[in-house]
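Participant: next comes the sequence, and after it the predicted model I'd like to discuss.
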Amino acid sequence: MSAVVTSWRQAPTPVRAIAVAVVDAVAAARAEHREVFDDAVAQLAAQDPTRVQVLLGDVVRRLLEETHLDGLSGDDVATVLDGCVRSAAPWFPEVDPGVLVVLLVGALGVHGGEEDEPREITALEVAQHAPLLVADLLDFKAEPLDGYLDAAIAELARAETVEMP
């Protein structure tokens, strides 16, 4: 992905497919609509797992930074986790706080020693849980998801361009 993208709607097809699935999954999570959520998650899980994880991690990081302007404390992380689990559990009882922790640690770029390394999570777990975090964090923002996706896709494009030989 080397072209300059100003909107996720103009992104190349593979990245746009991820963005569409993210938008659908987040909207379904915010509406607590399980059937639509499951369909969007299936679409998201079928995409390139590295791109999905990078894109959603960037969106989560941006939302965390904007909702915690003075930095993120351990108590703040616990509050984010608790809020996400409480809002998702009634309609998505499979919500796994351990997966949410791994996603938060990854989004924040926190890496401890080998003994502190979080467990590996599957592409399906990312596709299920990252939209839950995004939906919950968006409840604290007036801005729509589009701007966060646009910024994350621009960063993904920049990163993929830098990595190319």
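Facilitator: All right, it came through fine. Numbering: from 1, shown residues only.

Participant: give the contact list for the spatially most central residue of the chain.
Facilitator: The chain has residue 56 as the residue nearest its centroid, 2.9 Å off, counting by C-alpha atoms, centre = their mean. The contact partners of residue 56, by C-beta atoms under 8 Å, 6 or more residues apart in numbering, come to 22, 103, 107, 126, 130-131, 134, 152. Every residue, glycine included, has its C-beta placed from N, CA and C.

Participant: helices - which of the residues you listed land there?
Facilitator: Per DSSP state H, helices hold the following members of the contacts of residue 56: 22, 103, 107, 126, 130-131, 134, 152.

Participant: hey, C-alpha coordinates of stretch 43-60 in PDB?
Facilitator: Extracted in PDB, the C-alpha atoms of stretch 43-60 (Å, rounded to 0.1, in the frame of the first residue of the first chain):
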ATOM      1  CA  GLN A  43     -15.300 -10.800   7.800                       C
ATOM      2  CA  LEU A  44     -12.600  -9.200   9.900                       C
ATOM      3  CA  ALA A  45     -11.100 -12.500  10.900                       C
ATOM      4  CA  ALA A  46     -10.800 -13.500   7.200                       C
ATOM      5  CA  GLN A  47      -8.500 -10.500   6.500                       C
ATOM      6  CA  ASP A  48      -4.700 -10.300   6.800                       C
ATOM      7  CA  PRO A  49      -4.200 -10.800  10.500                       C
ATOM      8  CA  THR A  50      -1.100  -8.600  10.800                       C
ATOM      9  CA  ARG A  51      -2.900  -5.700   9.100                       C
ATOM     10  CA  VAL A  52      -6.000  -6.200  11.200                       C
ATOM     11  CA  GLN A  53      -4.000  -6.200  14.400                       C
ATOM     12  CA  VAL A  54      -1.800  -3.200  13.400                       C
ATOM     13  CA  LEU A  55      -4.800  -1.200  12.300                       C
ATOM     14  CA  LEU A  56      -7.000  -1.900  15.300                       C
ATOM     15  CA  GLY A  57      -4.100  -1.500  17.700                       C
ATOM     16  CA  ASP A  58      -3.500   2.000  16.200                       C
ATOM     17  CA  VAL A  59      -7.100   2.900  16.600                       C
ATOM     18  CA  VAL A  60      -7.200   1.700  20.200                       C
END
